Structure formats: C-alpha cells, structure tokens
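S.K.: structure for the following, please:
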Amino acid sequence: MEVVEGIVLGLAVLLVLFGALFVRRALVTRSGGIIRLSVRVSTMLNQRGWSPGFGRFTDDQLCWYRMFSLALRPKRVLNRTGLAVERRRMPEGQELLSMPDDWVILRCTSHQAPVEIAMAKSTVTGFLSWLEAAPPGAASPRLAPHDHRPAA
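M.R.: As a prediction, the model looks like this:
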C-alpha cells in the first residue's frame, strides 16, 4: 500500500503545481492580454537556448514571463526607450524544433544588452507598432528591414 500512496501523493503534487501555473497566468494577465513569446536566454550553443513564455505590454515595457515558472514577477523586462530591432530572420536548424516555423526571430539591442526574441509573424506587427509608438519627444526606434531570403 505504501507504493500506491506514494503514487497518489505524487500525482496530487503534480496537479497542485499545474493548478498553480494556471492561477499564476491568470494573475499576470488580469490587467491585459498576453502574447506568446520565446526569449533566447543562453547563447552558448548556436541556435539553442530558447525559453518559451509569454509577454505582456505595459506603457513603456514588455514584460516576459517564463512559461513554466511560479514567479509572479517577469523574468525579463524590455524598455521601449533605447530598444531597437537590429535584425529579423526566420528560425533555422535546431530552432525549428523549439518553435513553430511561422515565427520570426528579432535580434534587438537595448541599453541593457542585446536580446533575441521570437514570436508569431502576426504578433511582430503589433510589437513593431508598440515600439514605434514612443511617447512624444522620444527618439524614434530603429527598425530592421525584412530579411528577404528565397524560399527553400
């Protein structure tokens, strides 16, 4: 009976953790919508180090939360001021295994450090609109041209 009790207890803990993830997401999104967004957290290996999550736009910030975390605070915050899109590209090689192939990868520069973010093509339009809609008197952000590569 101890084995069965251990299995039931383990399943109960997993259910509580999954429930906590859903409650966390509900708390984070209660003040507005979210977008699916992956951030490259490690550049040690080429085309690897992507972490899935979701982003929430505020007035001048894009707050990124890891998908599988219980933290209520964002893991990364991108400030609109000083943020510029340096390059756009489609996922390649190993990246195709960690994200949908209709996503776009944006390499951005900021005051903090360069960052690579990936999002759906339809989301990129909203992100660029938010980035361009800087408050009056702020410098206009630099946007990269489309990466026009022939389709394979």
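S.K.: please name every helix or strand in contact with whichever strand or helix holds Phe22.
M.R.: Here Phe22, judged by DSSP states H and E, is contained in helix 2-29. Applying 3 or more CB pairs under 8 Å, 6 or more residues apart in numbering; DSSP states H and E, one finds that helix 2-29 contacts strand 50-57. Quick note: C-beta positions are derived from backbone N, CA and C, even for glycine.
S.K.: could you point out which element follows the strand it packs on?
M.R.: strand 61-66.
S.K.: what's that following strand in contact with?
M.R.: 28, 37, 39, 51-57, 71, 74-80, 117, 127, 130 (CB atoms under 8 Å, 6 or more residues apart in numbering).
S.K.: kindly recompute the last result at 6 Å.
M.R.: 28, 37, 39, 51, 53-56, 74-79 (CB atoms under 6 Å, 6 or more residues apart in numbering).
S.K.: distance of Phe54 relative to Thr29?
M.R.: Separation of Phe54 from Thr29 (CB to CB, to the nearest Å) stands at 8 Å.
S.K.: those two: who's more crowded?
M.R.: More crowded of Phe54 and Thr29, by other CB atoms under 10 Å: Phe54, with 19 against 13.
S.K.: check what pLDDT that one gets.
M.R.: You'll see Phe54 listed with a pLDDT of 89.
S.K.: what is the burial count for the nearest residue to it once chain neighbours are set aside?
M.R.: Excluding the flanking residues, the one nearest Phe54 by CB to CB, 6 or more residues apart in numbering is Ile34, at 4.5 Å. Number of residues near Ile34 (other CB under 10 Å) recorded here: 15.
S.K.: hang on, Ile34 packs against Phe57?
M.R.: No. Contact between Ile34 and Phe57 fails when scored by CB atoms under 6 Å: they sit 8.8 Å apart.
S.K.: output the below-cut-off pLDDT ranges for this structure.
M.R.: 1, 31-33, 43-48, 134-152 (pLDDT under 70).
S.K.: try 80
M.R.: Within the chain, the segments meeting pLDDT under 80 span 1, 21, 24-33, 42-49, 59, 70, 72, 101, 111-112, 134-152.
S.K.: give me the beta-bridge partners of the residue nearest the centre of it?
M.R.: In the chain, the residue lying closest to the centroid (CA atoms, centre = their mean) is Leu37, at 2.8 Å. Note on Leu37: beta-bridge partners Gly53, judged by DSSP bridges.
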